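[1] Predicted model follows, preceded by the sequence.
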Amino acid sequence: MKVIDSYKLDGKVALVTGGGRGLGLQFAQALGEAGARVVLLARSADELETASRSLQAQGIDVAWRVADMTALDGLPALVASLRHDHGEIDILVNNAGRAEGGPAEGCTDEVWHSVMRLNVDAAFVLTREVARQSMLPRGRGKVINIASVGGLFGNPMSMQTVAYNASKGAVLSLTRALASEWGPRGLQVNAICPGFFDTRMAAPALQYFGPAAVAQTPLGRLGGDTDLKGLVVFFASAASDFITGQHLVVDGGASTTYVSDPMIGRERAQGH
């Protein structure tokens, strides 16, 4: 097999949660461009329909289903229905997520549990069902968990998202545990850790210190609409068959710098 052929996803079915916009739509576009049939899951029918039309206009084979990932009891039946409609699931991208800001001492039980339910519980239950129903019986499958640089480090002092950080740290531990358990059975489980990307979820934080984040990023910009496409195809394809339990940071080099507080970066950007 030529190396370029190892990245092709022809005949594969890829399930992408939170696929109606933002990073999820970027993942879906990349997987579709590589040849996969893409199935989008999200809560908003309008966003899914708009995303689907955009992908279809690019020649991508796409379907979509409205689904509330936090309705955990319904996920086994959802997976069974998707298999019936679209065939066996070869690739799962756990992208759906939620973030809430504020000081840790003010984080309510409701906020904590709502973030954990979507970012951790839903990701695990969906992965368990996709693996149990579709991947493990066939001895192959690719699971790609979308974590965050926030799961690797403590926050800078001016950024307070304790539940989000904790949830993404859990996603990384989940990635390693599943990779270890399911590797002997033919599955690969890896994670992507994005830094700051110009998405709706990141908008409140970027409004506050976006220029500062750019100022302390060696590559000098935020993540864009194509910066995760190559990596998700790599993790989804045969090119990564000997890689599992790993995570890769995509943040323009920001996590390599010594400056850890965006407020300091903002002073730098302003010339102080």
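    Arrived safely. This structure is a prediction, so every number in the text was calculated from the model and none was measured.

[2] what's the offset of the longest strand seen in the chain from the middle of its chain?
    Ranked by residue count and defined by DSSP state E, the top strand of the chain is strand 187-194. Relative to the centre of its chain, strand 187-194 is centred 9 Å away, using CA atoms, centre = their mean, to the nearest Å.

[3] If you tally nearby residues, what's the number for the nearest residue to residue 199 once chain neighbours are set aside?
    Nearest-residue entry for residue 199: residue 22, 4.0 Å, with adjacent residues in sequence omitted and distances by CB to CB, 6 or more residues apart in numbering. C-beta here means a position set from N, CA and C on the backbone, and glycine is covered the same way. Counted with other CB atoms under 10 Å, the neighbours of residue 22 add up to 20.

[4] shouldn't residue 22 be in contact with residue 194?
    No. With contact defined as CB atoms under 8 Å, residue 22 does not count as touching residue 194 (10.3 Å).

[5] correct me, but residue 227 touches residue 197?
    Yes. Between residue 227 and residue 197 there is a contact under CB under 8 Å: 7.5 Å.

[6] circling back: pull up the gap between the residue nearest to residue 199 and residue 96, please.
    10 Å (CB to CB, to the nearest Å).

[7] same deal with residue 188?
    21 Å.

[8] again with residue 36
    Residue 36 is 19 Å from residue 96, by CB to CB.

[9] which stretches of the stretch 151-272 of the chain have low pLDDT?
    155-158, 200-210, 258-272 (pLDDT under 70).

[10] how about the strands in it?
    Remark: strands assigned in the stretch 151-272 of the chain by DSSP state E, counting those that start in this stretch are 187-194, 247-250.

[11] Please name every helix or strand in contact with the shortest one.
    Identification of packing neighbours for strand 247-250 by 3 or more CB pairs under 8 Å, 6 or more residues apart in numbering; DSSP states H and E yields strand 187-194.

[12] Adjacent strands (with direction) for the strand it packs on?
    With DSSP bridges as the test, strand 187-194 is paired with strand 141-146 (parallel), strand 247-250 (parallel).

[13] hey, which of those strands is tucked in deepest?
    strand 141-146 (a mean of 26; mean count of other CB atoms under 10 Å).

[14] Quick one: distance of the lengthiest helix in the chain to the chain centre.
    Longest helix in the chain, counting residues (DSSP state H): helix 162-182. Distance of helix 162-182 from the chain centroid (CA atoms, centre = their mean) equals 12 Å.

[15] Give me the number of neighbouring residues for residue 213.
    Neighbours around residue 213, by other CB under 10 Å: 25.
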